[in-house]
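# Sequence first, predicted model second:
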Amino acid sequence: MRVSFTEDEISEFKIEATELLDQAEKSLLALDQGASFHSEYDAVFRAFHSIKGAAGMMEMFDLQNHMHQLENLLVEQKSKSNLAKNLIDHFLLGVDGCRKLLDGEQIEFDHSVEVPGAVSPALAATAPAPLSSAKAQPERRSVVQGEPRPRVMVIDDESSIISLLTDILEPRGFEVAAFDHPEEAIKCLETFQPDAVLTDIMMPVMTGLDVLREIRKTHADLPVIFVSAHADKKVLMEAIEMGVYAVLEKPFHMSDVIEVARNAIERHKLVSMLNHSINLLMYQFSDLDDFLVAQGKTDIRNVIDREIKNLLNQKRRLKKIA
């Protein structure tokens with residue numbers, strides 16, 4: 001099954017793959033702390049299998065082979081009641097290796113595994129020599145529980161407005177990062193990773209439209225909400241074309257700020273979840289396609305191929321209007 005993916009879609013896959021790896025790592029760490037293997041198996045398998053399928057479709061063959069090896073080893077352990085420590089270490093190292101491959105690095109990874117109690121395999125970048133067994137032990141991290149608070153970035157050159165918006169949002173469960181210099185806010189997008197942005201329109205160095213334009217270069221779906229007493233029609237028309245979510249006029253009501261922020265974040269989550277589900281569905285068909293080819297099931301393969309491509313086209317249309 002051949003599908004032509006855009007650079008944005010490949011970048012989107014890498015983000016989703018990282019999220020899957022985070023979930024797999026969380027389950028592996030839970031196993032290390034004594035959780036039942038069967039209770040955590042699905043999350044690890046889902047990550048390995050989905051990334052392997054997507055890597056094959058996107059012709060990332062080193063990544064595909066790496067995940068294929070890890071998946072096969074994981075499936076071999078399914079009938080067991082627990083996962084040995086050295087296998088947990090091996091899979092954690094494999095997850096780290098996958099992250100390196102997603103970042104475009106080359107790795108050396110020994111996919112063979114010793115019997116329980118033996119030294120874990122070594123993982124290293126191509127340039128240095130393979131790591132020793134002592135260095136190969138992955139860092140133990142704690143399993144983080146609970147849902148994070150929704151994050152809102154507030155941008156306004158008036159400190160009084162920043163204080164007002166912060167006082168409205170924080171007591172209602174939002175985590176707020178406030179900036180009176182828009183250029184500083186843009187620099188912090190990757191580190192803060194907001195779920196929505198509230199920005200003034202009329203600011204001296206960068207306008208709200210400039211902020212929206214910069215955000216759209218790297219975050220096509222991030223909800224941006226304008227907050228301003230001066231809403232120029234021409235500016236608003238351009239903002240609509242770039243996908244501004246809403247405009248709140250000053251003076252605004254507290255309830256309007258909360259409602260618009262919540263709705264923007266929830267809608268963004270729903271669209272992201274739908275896109276994520278479509279992507280996972282496509283990735284799962286990679287193995288099925290290989291099977292249908294081997295079995296000579298050309299008619300079934302062609303039907304699925306058309307449906308997958310239609311699904312991808314619908315996803316692209318949804319992305320444009322989201």
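The structure has been received and is ready for your questions.

# His253: neighbour count?
As a burial measure, the neighbour count of His253 was computed by other C-beta atoms under 10 Å and equals 11. From N, CA and C alone the C-beta is placed, and that goes for glycine too.

# Can you work out which other helices and strands pack against the helix or strand that contains His268?
When secondary structure is defined using DSSP states H and E, the element that contains His268 is helix 254-295. Packed against helix 254-295, as judged by 3 or more C-beta pairs under 8 Å, 6 or more residues apart in numbering; DSSP states H and E, are the following elements: helix 7-32, helix 37-57, helix 159-169, strand 196-200, strand 224-228, strand 246-249, helix 298-321.

# low pLDDT regions in the protein?
Low-confidence segments of the chain (pLDDT under 70): 1-3, 115-147, 276, 280-287, 315, 317-322.

# run the last query once more with 50
115, 117-138, 142-145 (pLDDT under 50).

# domain ranges for it?
Segmentation of the chain into domains, based on automatic domain parsing, reads 7-125, 147-322.

# now, of these, which is deepest in the fold?
Scoring these by mean neighbour count under mean count of other C-beta atoms under 10 Å gives domain 7-125 as the most buried, with a mean of 18.

# correct me, but Leu83 touches Leu73?
No: because the distance of 10.5 Å does not satisfy C-beta atoms under 8 Å, Leu83 is recorded as not touching Leu73.

# shared neighbours of the two, which are they?
Phe91 (C-beta atoms under 8 Å, 6 or more residues apart in numbering).

# ok, Glu71 touching Ser50?
No: the pair Glu71 and Ser50 does not pass the contact test of C-beta under 8 Å, sitting 9.9 Å apart.

# Mind checking what secondary structure Ala178 has?
Three-state assignment for Ala178 (DSSP: H, G, I helix; E, B strand; the rest coil): strand.

# can you tell me how far it sits from Met57?
42 Å (C-beta to C-beta, to the nearest Å).

# Same question for Arg213.
Relative to Met57, and taking C-beta to C-beta, Arg213 is found at 32 Å.

# Check the offset of the helix holding His268 from the chain's centre.
11 Å (C-alpha atoms, centre = their mean, to the nearest Å).

# now the angle from it to helix 37-57?
Counting by axes from the mean of the first three to the mean of the last three C-alpha atoms, to 10 degrees, helix 254-295 points 70 degrees away from the direction of helix 37-57.

# now the angle between strand 196-200 and helix 254-295, please.
Inter-element angle recorded for helix 254-295 and strand 196-200: 140 degrees (by the same axes, to 10 degrees).

# Tell me which helix or strand Thr191 sits in.
For Thr191, the enclosing helix or strand under DSSP H and E is helix 189-192.

# list the helices and strands that helix packs on?
The criterion is 3+ C-beta pairs under 8 Å, 6+ apart, and the helices and strands that helix 189-192 contacts are strand 151-155, helix 208-218.
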